[in-house]
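# have a look; sequence and predicted model below, questions after that.
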Amino acid sequence: EAQVTQNPRYLITVTGKKLTVTCSQNMNHEYMSWYRQDPGLGLRQIYYSMNVEVTDKGDVPEGYKVSRKEKRNFPLILESPSPNQTSLYFCASSPLYWGGIGTEAFFGQGTRLTVV
Amino acid sequence: ELKVEQNPLFLSMQEGKNYTIYCNYSTTSDRLYWYRQDPGKSLESLFVLLSNGAVKQEGRLMASLDTKARLSTLHITAAVHDLSATYFCAVDILNTGNQFYFGTGTSLTVIP
């Protein structure tokens, strides 16, 4: 079954304690991205990656890091989480098309993070 | 600054009624996507609109795109309770099929 898998689904942590949210897709998609969802703000892109070892900042990258060492995995790293990073996080993947066909993104189930 | 605005933000409607959700965006784009999100769930793709004048229909939902007006609509016909969800539009600003800017979402509740 084609899917994007995030772990953990729920996480409560304390300020400053480093954490990683994993994201894995089994569709051989080149493009992967991370979003955070906050009430009244919709989804905002944090980072994206167009292929292995190719990553770039989205709209709200401050306080986050990512890596793309393998095509299927795109972990989100919070080196020193703060309460304003409490949010619902989604990982998404899609094929990469240039100047032609557009396609929808496939989203993971979400990770609800609370930083106290 | 890029803006993707949805109206209304909240919508409560009776079963059997029709209504339209609007998505306005402030930049040039030929591609717009609609997603659905059920409470506590992930996002599910509904429609992919790839050109001016594109119209897609699935069941009681119909989406259209006017790139000149920078406007997309999601029309609901004869609403049923199962359509209760939050609906997001997303604009592909680079026309690469990947870089999305999402609207704030429209929370739809269909009342029996």
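Happy to help now that I have it. Numbers count the residues shown, from 1 in each chain, chains lettered A, B, ... in the order given.

# which helices and strands does the helix or strand bottoming out on mean pLDDT in chain B pack with?
Lowest by mean pLDDT, DSSP states H and E among the helices and strands of chain B is strand B:100-102, with a mean of 86. Using 3 or more Cβ pairs under 8 Å, 6 or more residues apart in numbering or on different chains; DSSP states H and E, the elements in contact with strand B:100-102 are strand A:42-51, strand B:85-92. For the C-beta atoms, the positions are set from N, CA and C on the backbone; glycine is no exception.

# give me the mean pLDDT for the helix or strand that it is followed by.
Downstream of strand B:100-102, the first helix or strand assigned by DSSP states H and E is strand B:106-111. For strand B:106-111, the mean pLDDT works out to 96.

# partners of strand B:106-111 in the sheet?
Taking DSSP bridges as the criterion, strand B:106-111 forms sheet pairs with strand B:10-14 (parallel), strand B:85-92 (antiparallel).

# buried sites along it?
The neighbour-count check on strand B:106-111 (16 or more other Cβ atoms under 10 Å in any protein chain shown) flags B:106-108, B:110 as buried.

# can you list those in CSV and add distance to residue A:112?
Formatted as CSV, the buried residues of strand B:106-111 follow (distance: Cβ to Cβ, whole Å):
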residue, distance to residue A:112
B:106, 22
B:107, 18
B:108, 22
B:110, 26
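
# quick test: name the residue nearest the centre of chain A.
residue A:34 (2.4 Å; Cα atoms, centre = their mean).

# can I get the helices and strands packed on strand B:100-102 in JSON lines including distance to residue B:54 and mean neighbour count?
Putting the helices and strands packed on strand B:100-102 into JSON lines (distance: least, Cβ to Cβ, whole Å; neighbours: other Cβ atoms under 10 Å in any protein chain shown) gives the following:
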{"stretch": "strand A:42-51", "distance to residue B:54": "22", "mean neighbour count": "21"}
{"stretch": "strand B:85-92", "distance to residue B:54": "13", "mean neighbour count": "24"}
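
# ok, which of those strands comes nearest residue B:28?
Closest to residue B:28 of these, according to Cβ to Cβ: strand B:85-92, at 9.7 Å.

# report pLDDT for residue B:50.
Reading off the confidence values, residue B:50 has pLDDT 82.

# what is the burial count for it?
Counted by other Cβ atoms under 10 Å in any protein chain shown, the residues lying close to residue B:50 total 18.
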